[in-house]
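[1] Please work out how this folds:
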Amino acid sequence: MKHIQFAFNTSFTHLDTLILPINDEGEIISLENILPQQSTLNALSKSLSKSGDFSGNVGTTLLLIKPAGIEFQRVLLVGFGAKDKLTTKGYLTSIQAAADALDHCGAIHIVNAAIFAKPAAESIKWAVTQNAQIFQRSFYDYSHESRGSHSLKEPKVESMVFPADDYTAAAHQGQATALGMALTQELANMPSNFCTPTYLAETAIQLGQEFDFDIKILDRKEMIEMGMGSFMSVAQGGDTPPKMICLSYKGGESSQAPIALVGKGVTFDTGGISLKPGAGMDEMKYDMGGAATVLGVFKALGEIKPNINVVGVIPATENMPSGNAIKPGDVVTSLSGQTIEVLNTDAEGRLILCDALTYTQQTYKPSKIIDMATLTGACIIALGHHVSAIMGNNQPLVDALRTAGETTYDRFWQLPLGEEWDEQLKSNFADMANIGGRAGGSITAAQFLARFVKEVDWAHLDIAGTAWISGDKKGATGRPVPALVEYLLTEAKA
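    I've put the predicted structure just below:
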């Protein structure tokens, strides 16, 4: 994907387009005469507001071509609404509107003054990161060969100058995050006959070659020999080879225990013998959103190169019905030695994750584990599509992730864990059942995973409601890459 070149406080003479933040009274927001012809620009914006040609409301834009008395070829007015009432959501909506507006014009070299319209509680550094992320991410367009003859975006923007002090690191974080999100989106949007476990493994290998990550791929035979009976029980119904994909980024001291990211990689989920309804089943190609997130985060880590050690572990498989598929009532033995009664084969994500969690602890001895998975429909019922669920056994870890989510507006909402929900997993025929009934379905799924991470700090992210969008704008969102990148960079500085 094409990269925007970001710069700070350079000459404006070579720039062809100005992004100008305007409030709902037609006034330029907080620039303090840093731009040429600012008085002329202010008079122009007030005139357009008074005439009713531009409201200045949140998310509105107006592109002016060669305005009289202005040295810029284009001026994009961007509305940020009423003074002192701008929310984070409103600000991001307006920046996205600006990116969309410039996607349809000839702007190449831009000065972006919208960073000064930030909400009062946020810093210029934050605004730079968000702008860099949103404008870079606007370049993403699904580009896999399966798209066929559809024309692709041809972004024209080459450079963007922020008229502020040097926040190069902030811009780099935003851009790297956008590049990671684009990889996550591309993998998740891909049809499952292309994005197989093998394809995910090949993607990891490519990242390893590009950024010098250590890569290890386990195949079916190795995992059976190791005793991953839970993971392999899901994989046994399909002909597509399963993979355990492992990546290691070593940016910290060799003695530093890594933070582990574990992502669910069900590249297509039919539900198995507990077959899903046909309506909307095409969207089950997105059930590898956790795996795609891990790879997207590693893409960002490779771009930023923070001083931290991170490992990624991805159990990848299809969940298919066949004569060899696991059946409701079957009992399997996990890598941890705990036995599981499979009451519903459509609760497969936890069956592959539990072995991945055990393998991660045994192999990498991490200081913390964060797993992410499109795990439960119950999470969508509870929280909708705006925030992801978070649960865990260590409150400081949960709090740190929630803070990262608030900073990036890639938010998490904490749900509880406890003995009451754990009791719902009791089985008469094994150590546990893989479901706990309809009540508290997202919690009992996490409570199941908690049985496999008792000795390490752990957080679970249920991203079923946030990893993709349905409807006319169907597609992967790239979440929660922003929050995880922010969390890891904060940890790297600690």
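[2] contact partners of stretch 321-328?
    233-234, 236-238, 270-275, 332, 342-345 (CB atoms under 8 Å, 6 or more residues apart in numbering). C-betas here are computed from N, CA, C, even on glycine.
[3] Who are the contact partners of Ile205?
    With contact set as CB under 8 Å, 6+ apart, Ile205 has these partners: 215, 217.
[4] whoops, Ala446 was the one
    375, 391, 415, 417, 460, 462.
[5] Which among those count as buried?
    Buried members of the contacts of Ala446, counted by 16 or more other CB atoms under 10 Å: 375, 391, 415, 417, 460, 462.
[6] hang on, the earlier thing: name the nearest of the contacts of Ala446 relative to Ala127.
    Asp462 (30.0 Å; CB to CB).
[7] Make CSV from the buried ones among the contacts of Ala446 and add distance to Lys125, pLDDT and secondary structure to it.
    Below are these laid out as CSV (distance: CB to CB, whole Å; pLDDT from 0 to 100; DSSP: H, G, I helix; E, B strand; the rest coil):
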residue, distance to Lys125, pLDDT, secondary structure
Leu375, 34, 98, coil
Met391, 31, 98, strand
Leu415, 32, 98, coil
Leu417, 35, 98, coil
His460, 30, 98, strand
Asp462, 30, 98, strand
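[8] now, the most widely separated pair of these?
    Leu375 and Leu417 (14.0 Å).
[9] thinking again about what came up before, sort out for me which of the contacts of stretch 321-328 are in helices.
    233-234 (DSSP state H).
[10] which of the contacts of stretch 321-328 has the most neighbours?
    Ranked by neighbour count (other CB atoms under 10 Å), the contacts of stretch 321-328 have Val234 at the top, with 29 neighbours.
[11] Do I have it right that that residue meets Gly272?
    Yes. Using CB atoms under 8 Å, Val234 is in contact with Gly272, at 7.4 Å.
[12] tell me, what's touching the two both at once?
    Both Val234 and Gly272 are in contact with 319, 326, 345, 348, where contact means CB under 8 Å, 6+ apart.
[13] Format these as JSON lines; extra columns: pLDDT, distance to Phe211 and secondary structure.
    Formatted as JSON lines, the shared contacts of Val234 and Gly272 follow (pLDDT from 0 to 100; distance: CB to CB, whole Å; DSSP: H, G, I helix; E, B strand; the rest coil):
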{"residue": "Asn319", "pLDDT": "98", "distance to Phe211": "31", "secondary structure": "strand"}
{"residue": "Ile326", "pLDDT": "98", "distance to Phe211": "37", "secondary structure": "coil"}
{"residue": "Thr345", "pLDDT": "98", "distance to Phe211": "37", "secondary structure": "coil"}
{"residue": "Glu348", "pLDDT": "98", "distance to Phe211": "31", "secondary structure": "coil"}
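[14] follow-up on the earlier one: could you export the buried ones among the contacts of Ala446 as CSV, including distance to Asp287?
    Putting the buried ones among the contacts of Ala446 into CSV (distance: CB to CB, whole Å) gives the following:
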residue, distance to Asp287
Leu375, 9
Met391, 19
Leu415, 20
Leu417, 23
His460, 16
Asp462, 13
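[15] Tell me which stretches of the stretch 251-400 of the chain form helices.
    Taking DSSP state H, counting those that start in this stretch as the criterion, the stretch 251-400 of the chain carries its helices at 289-304, 349-364, 377-383, 395-408.
[16] Name the residues that touch the shortest one?
    For helix 377-383, the external contacting residues (CB under 8 Å, 6+ apart) are 388-389, 413, 415, 438, 440-442, 445, 462, 464-465.
[17] mind redoing it with 10 Å?
    276, 346, 373-374, 376, 387-389, 411-413, 415, 438-446, 461-466 (CB atoms under 10 Å, 6 or more residues apart in numbering).
[18] can you tell me which of those are in strands?
    Those of the contacts of helix 377-383 mapping onto strands are 373, 388-389, 412-413, 461-462, per DSSP state E.
[19] Quick check on those residues: which are buried?
    373, 388-389, 412, 461-462.
[20] Going by distance to Met228, which of those wins?
    Using CB to CB, these come closest to Met228 at Ala373, 17.0 Å.
[21] how far away is that closest one from Ala291?
    9 Å (CB to CB, to the nearest Å).
[22] now the strands: where do they sit in the stretch 201-350 of the chain?
    214-218, 243-250, 259-263, 265-269, 309-319, 331-333, 339-341 (DSSP state E, counting those that start in this stretch).
[23] Show the pLDDT at Cys195.
    pLDDT, Cys195: 98.
[24] burial of it, as a residue count?
    25.
[25] Next one: it from Ala467, what distance?
    14 Å.
[26] any common contacting residues for those two?
    Residues touching both Cys195 and Ala467 (CB under 10 Å, 6+ apart): 188, 288, 292.
[27] and the spatially closest residue to the first one that is not a sequence neighbour, bridged to which residues?
    Among residues not flanking Ala188 along the chain, Ala476 sits closest, at 3.6 Å (CB to CB, 6 or more residues apart in numbering). Counting by DSSP bridges, Ala476 is bridged to Trp468.
[28] Ala476 and Leu183: what is the separation?
    Ala476 sits at a distance of 10 Å from Leu183 (criterion: CB to CB).
[29] so Ala201 touches Asp219, yeah?
    Yes. Between Ala201 and Asp219 there is a contact under CB atoms under 10 Å: 9.2 Å.
[30] any shared contact partners between these two?
    In contact with both Ala201 and Asp219: 241, 243-244, using CB under 10 Å, 6+ apart.
[31] could you dump the residues you listed to CSV with distance to Thr490?
    Converted to CSV, the shared contacts of Ala201 and Asp219 look like this (distance: CB to CB, whole Å):
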residue, distance to Thr490
Pro241, 38
Lys243, 31
Met244, 29
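[32] with these in mind, which one is nearest to Pro155?
    Lys243 (33.7 Å).
[33] pLDDT score assigned to that closest one?
    Lys243 carries a pLDDT value of 98.
[34] who's in contact with it?
    196-202, 204, 217-220, 223, 235, 265, 267, 291, 314-317 are the contacts of Lys243 under CB under 10 Å, 6+ apart.
[35] Now a ChimeraX select for only the buried ones of these.
    Applying 16+ other CB under 10 Å to the contacts of Lys243, the buried members can be selected in ChimeraX as follows:
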select :196,197,198,199,200,201,204,217,218,220,223,235,265,267,291,314,315,316,317
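[36] and Leu152, how many neighbours does it have?
    If you count neighbours by other CB under 10 Å, Leu152 ends up with 9.
[37] Just confirm it is within a helix.
    No. Secondary structure of Leu152 (DSSP: H, G, I helix; E, B strand; the rest coil): coil, not part of a helix.
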